[in-house]
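>>> Structure for this input, please:
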Amino acid sequence: MKRLLTLLILVTLPLSAFSQSRVSAGIIFSHFNNIGDKGITDIKTPVGYGALAGYDITEEFTVAFTVEYLKGDMKELSGKETDYRTGLTAVVKPFNTDLIFPYISAGFVTSYKKYDYDNLPSDDKFKLYARYGAGVDYKLLDNLSINFDMGVYFNGMEFSGWTNSLGLRITPNL
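Numbering: from 1, shown residues only. Take a look at the predicted model:
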């Protein structure tokens with residue numbers, strides 16, 4: 001948790017250097033779900049949290065960078081899995097209202113998984129996924145919005161899983 005708070009501070013401090021509200025930062029909470037045998041996690045209760053930073057290139061097009069962390073007991077083997085994920089995403093907002101901003105997204109996610117087995121040597125894996133999603137931002141205040149997002153992970157050969165996320169994003173009014 002200390003790492004997440006440190007990361008959030010490091011992400012939001014540079015925002016004060018921008019004179020326009022083109023940059024945003026936030027926190028996210030995600031639940032990961034597998035599709036098939038080669039899923040995106042082996043954790044029994046795959047719930048993670050992380051941070052995001054976004055930059056509005058235009059009103060309709062945004063790029064976003066995310067980092068996420070999840071850890072838990074494995075489903076099948078005795079031990080723990082720790083996942084560190086980073087993502088780079090392009091977001092298209094086809095239309096918006098004063099309160100609601102629906103979007104579609106596509107990007108890449110890297111996943112570094114560390115397996116600490118109880119009775120076997122530790123192991124780690126690096127994976128690269130394509131991620132496609134859709135979501136909606138709901139404006140709570142001028143510079144604060146809540147976000148709901150759903151996405152699917154594709155490993156190049158088949159769909160590996162899906163995720164749903166809830167986030168809180170701030171856009172500084174400078």
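>>> which stretches of this protein form strands?
Counting by DSSP state E, the segments of the chain that form strands are 23-34, 47-56, 61-73, 79-92, 100-117, 123-141, 144-154, 159-170.
>>> what is the residue positioned nearest the centre of the chain paired to in the beta sheet?
Centroid-nearest residue in the chain: residue 66, 4.9 Å away (criterion: CA atoms, centre = their mean). On the basis of DSSP bridges, residue 66 is bridged to residue 52, residue 87.
>>> Distance check, it against residue 117.
Per CB to CB, to the nearest Å, residue 66 is found 28 Å from residue 117. Where you see a C-beta, it was placed from the backbone N, CA and C, and this is true even at glycine.
>>> and what of residue 152?
In terms of CB to CB, residue 152 sits 29 Å off from residue 117.
>>> can you pull the buried residues of stretch 35-46?
Using 16 or more other CB atoms under 10 Å as the test for burial, stretch 35-46 gives 39-43, 46.
>>> Looking at those, which has the smallest pLDDT value?
Least confident entry in these, by pLDDT: residue 39, with 77.
>>> dump the residue contacts of the closest residue to residue 72 other than its chain neighbours.
Counting by CB to CB, 6 or more residues apart in numbering, residue 43 is the residue found nearest to residue 72 once chain neighbours are left out, at 4.0 Å. Residues in contact with residue 43, defined by CB atoms under 8 Å, 6 or more residues apart in numbering, are 32, 70-75, 81, 83.
>>> go on, residue 161?
32-35, 39-41, 152-153.
>>> Check what pLDDT residue 22 gets.
The model reports residue 22 with a pLDDT of 89.
>>> one step back: how much space between the residue nearest to the centre of the chain and residue 99?
24 Å.
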